[in-house]
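Colleague: I would like the atomic coordinates for the input below:
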Amino acid sequence: MTTATLTRTGGFAESLRGGSDFAGTGQLLRLYLRRDRIVLPLWVLLLSLPLGSVYVGGVDKVYPTPADLQNFAHMVLSSPAQLAMYGPIYNTTLGAAGVWKAGMFYTLIGIATILTVIRHTRAEEESGREELLASTRIGRFASLTAALLLTCAACLVAGLIATLSIASAGVPVDGSLAFGAALAASGIVFAAVAAVTAQLSAGARISRGIAFAVLAVTFTLRAIGDARAGDGPTDILTWLSPQGWSLQMRPFAGDRWWVLLLHAAASVILIAVAYALLRRRDMGAGLIAERPGPPSGSALLSGPLGLAWRLQRGTLLAWAVGLALYGLIIGSVIHGIGDEIGSSQAVRDVIARLGGSQGVEEAFLNTAYSMIGLAAAAYSISAALRMFAEESNDRAETVLTGSVGRIRWAATHLLFAFGGPVLVLFVSGAIGGIAYGIAAGDMGGKFPQALEAAMIQIPAVWVFTAITVLLFGLLPRWTPVAWGVLTAGVAVYLLGSISGMPQWVLDLDPYGHLPKLPAEDFRALPVIVLLVLAAAMTGIGLLAWRRRDVR
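Modeller: Predicted coordinates for the structure are as follows:
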């Protein structure tokens, strides 16, 4: 009789003795809070705190007069690409215009909640820790319940902080509360989606992939619906998307509180389905049957490079497609962006600090691809962290007991960590350049501008990759802190150029040292310095990895 069978038998016997399926939920909740004591506050604050100073405050500086706001709203409503990306603006008040682009947070919080729920449910089962806990007096539903309580509470805190942040910018409190409620409700819906997908597959990666696919589909439905509707009645496709429901709350433009009933109904139904599926499946198994593998492994798996490719290929493809789509949207909307900035001189100052001063379109192009560069850094860190995951799960030790050396093993993963961002940035820059060239009617001039704006981000991306390698070699237990370093870099980039941070803080951001192509001339010195810094940290990290014990 297997351990899993004994566990299920013990759990069944416990239920016959009157044990609760929810027993131990409080203990698990405290455990999850401890494990997420760094990551959870980071995504909560990042998705809520900047809303007042960055979005509402930034719009107030850029569009200081009612005429500027009206012109801005008109340009947005006449641009299908802008509507698809961010949704419509429902009136020309500062509050409505200020939270318009922040509507993207309805999707971003979905990413955070999906990762959190899957981590504490399916990933725990896959590692075997869930089975060990289930052999005690922990109830069948305790893990899922604790994960949902943790995630939903984090969403509510994010919504509260968002409300306070937006209201502090001097806009009405009712509209601020409506936005915060919509943000929290969107996160809770996708936490419920993740609770369902965690029951479907035995692997955390597949469960995350299904949840992210749902997120992408709902975003696409909302984008197509808003682009088709324009400034007319809401399209039916928008009502099929939780992100669309959050936008239909219309903060500062009517505050339609009844829309929250859609979020509540969807969340309750999905969570009920998750519990029903959890009761039906076996511990460690998923409802989707796993396909048997081939009788013999591929020739590619005979070496560490083939294994690394097998582990990394799905993530690389997903990031390449995602950033290519973002590049397509940027290339479609960048032409004529100068007509949307209003008459304020303040926006010229912001543009000068963000992306140069020679041309508005060129400055916005660099700024847009700097954001894509930050996303590429996130991919690069995740690829480098594969070494940490392989070591933590004892798979690296199995490979290293053979003829594969440590540096050779690490190099196979670093090939994707350093080479993957080059690929995804090239694809994004090329797709964006084609769209920009078509929109401007100048393929020969605009295509290389977009491509160079994308590729110049590589040295800064590699600095974050190198920091991850350095942590992996010197402080392996703290390797995931690389996400905190990236979060700090994002905060400096988003807040520094607007809130007037000290220059020494701005200098900590590697993206701030890059030449602002295509708005500025290329400068080799900062690029060389960043590359040397990345090479030095990578070398130190690999040397430390070679000398330290395998954990």
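Colleague: what ranges do the helices span in the stretch 351-500 of the chain?
Modeller: Using DSSP state H, counting those that start in this stretch, the helices of the stretch 351-500 of the chain run over residues 360-392, 395-400, 406-440, 443-455, 458-474, 481-499.
Colleague: between the first one and helix 458-474, how big is the angle?
Modeller: This means helix 360-392. Using axes from the mean of the first three to the mean of the last three CA atoms, to 10 degrees, the direction of helix 360-392 lies 20 degrees away from that of helix 458-474.
Colleague: Counting by contacts, list what helix 360-392 packs against.
Modeller: On a contact count with 3 or more CB pairs under 8 Å, 6 or more residues apart in numbering; DSSP states H and E, helix 360-392 meets helix 304-333, helix 346-355, helix 395-400, helix 406-440, helix 443-455, helix 458-474, helix 481-499. Bear in mind the C-beta positions are built from the backbone N, C-alpha and C, glycine included.
Colleague: So which elements touch the third one?
Modeller: In terms of contacts (3+ CB pairs under 8 Å, 6+ apart), helix 395-400 is packed against helix 360-392, helix 406-440.
Colleague: Pick the most deeply packed of those helices.
Modeller: helix 360-392 (a mean of 23; mean count of other CB atoms under 10 Å).
Colleague: and Ala213, what pLDDT?
Modeller: In this model, Ala213 is scored at 85, pLDDT.
Colleague: By mean pLDDT, show me the worst of the helices and strands packed on helix 395-400.
Modeller: Among these, helix 360-392 scores lowest, at a mean of 85.
Colleague: and it with helix 304-333, angle?
Modeller: Using the same axes, to 10 degrees, helix 360-392 lies at 160 degrees relative to helix 304-333.
Colleague: show me where pLDDT drops low in the stretch 1-150 of the chain?
Modeller: Counting by pLDDT under 70, the stretch 1-150 of the chain shows low-confidence ranges at 1-19, 79, 81.
Colleague: Going along the chain, name the strands of it.
Modeller: With DSSP state E, counting those that start in this stretch, there are no strands along the stretch 1-150 of the chain.
Colleague: And the helices in it, which stretches?
Modeller: Residue ranges of the helices in the stretch 1-150 of the chain, as given by DSSP H, counting those that start in this stretch, are 3-16, 25-35, 39-46, 50, 57-62, 66-77, 80-86, 94-98, 105-120, 122-127, 129-134, 142-167.
Colleague: Could you list the residues in contact with the third one?
Modeller: The set of residues that contact helix 39-46 without belonging to it, under CB atoms under 8 Å, 6 or more residues apart in numbering, is 33, 109, 112, 116, 150, 154, 157-158, 161, 480, 483-484, 487, 490-491.
Colleague: same thing but at 7 Å, please
Modeller: Ala112, Ala154, Val157, Ala158, Trp483, Gly484, Thr487, Val490, Ala491 (CB atoms under 7 Å, 6 or more residues apart in numbering).
Colleague: Report the buried residues of that helix.
Modeller: By neighbour count with 16 or more other CB atoms under 10 Å, helix 39-46 contains the buried residues Val39, Leu40, Leu42, Trp43, Val44, Leu45, Leu46.
Colleague: How about stretch 101-114, which residues are buried there?
Modeller: Those would be 101-103, 105-114, for stretch 101-114 by 16+ other CB under 10 Å.
Colleague: any idea how far that stretch is from the chain center?
Modeller: 8 Å (CA atoms, centre = their mean, to the nearest Å).
Colleague: Name the residues that touch that stretch?
Modeller: With CB under 7 Å, 6+ apart as the test, stretch 101-114 has contacts from 43, 47, 51, 55, 86-87, 151, 155, 158, 182-183, 186-187, 190-191, 193-194, 208, 211-212, 215, 219, 243, 246-247.
Colleague: what's near enough to touch Ala23?
Modeller: Ala23 sits in contact with Arg137, Ile138, Gly139, Ala142, where contact means CB under 7 Å, 6+ apart.
Colleague: before we move on, back to that, dump the helices and strands packed on helix 395-400 to TSV, plus distance to Asp509.
Modeller: Shown next, in TSV, are the helices and strands packed on helix 395-400 (distance: least, CB to CB, whole Å):
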stretch	distance to Asp509
helix 360-392	10
helix 406-440	17
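Colleague: Just tell me which of those ends up closest to Gly303.
Modeller: Closest approach to Gly303 among these (CB to CB): helix 406-440, 8.2 Å.
Colleague: got the angle between the closest one and helix 458-474?
Modeller: Using the same axes, to 10 degrees: helix 406-440 against helix 458-474 is 160 degrees.
Colleague: Could you number the chain from 40 rather than 1 from now on?
Modeller: Done: numbering now begins at 40, and the last item shifts to helix 445-479.
Colleague: who does helix 445-479 touch, helix- and strand-wise?
Modeller: Contacting helix 445-479 under the criterion 3 or more CB pairs under 7 Å, 6 or more residues apart in numbering; DSSP states H and E are the following elements: helix 343-372, helix 399-431, helix 434-439, helix 482-494, helix 497-513, helix 563-586.
Colleague: Would you tell me which one of the ones you listed is buried the most?
Modeller: The highest mean neighbour count among the helices and strands packed on helix 445-479, using mean count of other CB under 10 Å, belongs to helix 497-513: a mean of 25.
Colleague: average pLDDT across it?
Modeller: For helix 497-513, mean pLDDT rounds to 95.
Colleague: for it, packing partners?
Modeller: helix 399-431, helix 445-479, helix 520-538, helix 563-586.
Colleague: The helix or strand hosting Ala250: which residues count as buried?
Modeller: Element membership of Ala250 [criterion: DSSP states H and E] is helix 243-268. Buried residues in helix 243-268, defined by neighbour count with 16+ other CB under 10 Å: 243, 245-251, 253-255, 257-258, 260-266, 268.
Colleague: Identify the residues contacting Gln542.
Modeller: Gln542 sits in contact with no residue, where contact means CB under 7 Å, 6+ apart.
Colleague: gap between it and Asp548?
Modeller: Separation of Gln542 from Asp548 (CB to CB, to the nearest Å) stands at 11 Å.
Colleague: Of all the helices and strands packed on helix 434-439, which one is nearest Ile579?
Modeller: Minimum separation from Ile579 across those (CB to CB) falls at helix 445-479, 12.9 Å.
Colleague: Of the contacts of helix 78-85, which count as buried by neighbour count?
Modeller: With burial judged by 16+ other CB under 10 Å, the buried subset of the contacts of helix 78-85 is Ala151, Ala193, Val196, Ala197, Trp522, Thr526, Val529, Ala530.
Colleague: Which pLDDT value goes with the fifth one?
Modeller: It stands for Trp522. Per-residue confidence (pLDDT) for Trp522: 81.
Colleague: would you turn the helices of the stretch 40-189 of the chain into TSV with distance to Ile327?
Modeller: Formatted as TSV, the helices of the stretch 40-189 of the chain follow (distance: least, CB to CB, whole Å):
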stretch	distance to Ile327
helix 42-55	18
helix 64-74	25
helix 78-85	28
helix 89	39
helix 96-101	45
helix 105-116	42
helix 119-125	32
helix 133-137	43
helix 144-159	15
helix 161-166	12
helix 168-173	18
helix 181-206	18
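Colleague: List just the one of those helices that sits closest to Ala489.
Modeller: Of all the helices of the stretch 40-189 of the chain, it is helix 119-125 that lies closest to Ala489, at 14.9 Å by CB to CB.
Colleague: And the contacts of the closest one?
Modeller: Taking CB under 7 Å, 6+ apart as the rule, helix 119-125 contacts Val115, Trp139, Lys140, Gly142, Met143, Ala262, Asp265, Ala266, Gly269, Ile368, Ser371, Val372.
Colleague: Can you pick out the most distant pair from those?
Modeller: Pairwise over the contacts of helix 119-125, using CB to CB, the maximum falls at Met143 and Gly269, 19.4 Å.
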